[in-house]
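J.: What follows is a predicted structure for the sequence shown.
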Amino acid sequence: MKIALYPGSFDPFHNGHLEVIERAAKLFDEVVVAAVRNPQKSEPLFDLEERKEMLAESCAHLPSVRTVSVSTLVVTVARDVGAVAIVRGLRAVSDFENELQMAQMNRSLSGVETIFIPTSSSHSFIASKLLREVARYGGDVGAFVPSQVNERLKRRFSQES
């Protein structure tokens, strides 16, 4: 069985992420989507467990997808789940340089290959950071995130008001 790992902070999860997962699910027998704690990013909007729940809710229509949450190296997770590949989404050329460095490091550490899946142009501008900012100021992000995520964003920012 060919297993792929799709790691990310997913804070919040959006339709660009979902597109990558749906496409990866057509290429692999199983896709493990891992909400990862990224210490290089600012304080998360949602904790790891909330992000894992949003992933599970948003991917419920995909029987070959399972979700986990982790606070460790991606290559450790890849080994633990038996992944033959790490999947990464690319929105634009600007994403490629950083993703290539990570892919090379991950391969050097573990031998696991990285597969890049470019998002469609309809999702290429969507970024979690932008969605957090728009939602924080009351903007409607419903067209860019699964409905379950949109509801959580609305609840989160209504509590801050």
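T.: Arrived safely, thanks for sending. Residues are numbered from 1 along each chain as shown.

J.: hey, where'd the strands end up in this structure?
T.: 3-8, 30-36, 65-70, 85-90, 113-118 (DSSP state E).

J.: need these in TSV with distance to Gln104, can you?
T.: Every C-beta, even on glycine, is put in place using the N, C-alpha and C of the backbone. Below are these laid out as TSV (distance: least, C-beta to C-beta, whole Å):
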stretch	distance to Gln104
strand 3-8	16
strand 30-36	19
strand 65-70	21
strand 85-90	12
strand 113-118	8
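
J.: quick one: the lengthiest helix in the chain to strand 85-90, angle?
T.: In the chain, with assignment by DSSP state H, the single longest helix is helix 93-110. Note on geometry: by axes from the mean of the first three to the mean of the last three C-alpha atoms, to 10 degrees, helix 93-110 and strand 85-90 are set 160 degrees apart in direction.

J.: helices or strands up against helix 93-110?
T.: The contact analysis (3 or more C-beta pairs under 8 Å, 6 or more residues apart in numbering; DSSP states H and E) places helix 93-110 against helix 74-81, strand 85-90, strand 113-118.

J.: Next, format those as a markdown table and append distance to Phe10.
T.: A markdown table is the format used below for those (distance: least, C-beta to C-beta, whole Å):
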| stretch | distance to Phe10 |
| --- | --- |
| helix 74-81 | 13 |
| strand 85-90 | 11 |
| strand 113-118 | 15 |
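
J.: Relative to Leu153, which of the ones you listed is closest?
T.: Nearest to Leu153 among the helices and strands packed on helix 93-110 is strand 85-90 (20.3 Å), distances taken as C-beta to C-beta.

J.: Point to the helix or strand of this structure where mean pLDDT is at its lowest.
T.: Within the chain, no helix or strand scores below helix 147-160, which has a mean of 91 by mean pLDDT, DSSP states H and E.

J.: now it, how far from the centre of its chain.
T.: 18 Å (C-alpha atoms, centre = their mean, to the nearest Å).

J.: In that helix, which residues are buried?
T.: Going by neighbour count (16 or more other C-beta atoms under 10 Å), the buried part of helix 147-160 is Gln148, Val149, Asn150, Arg152, Leu153, Arg156, Phe157.

J.: ranking the helices and strands packed on helix 93-110 by burial, who's on top?
T.: strand 85-90 (a mean of 21; mean count of other C-beta atoms under 10 Å).
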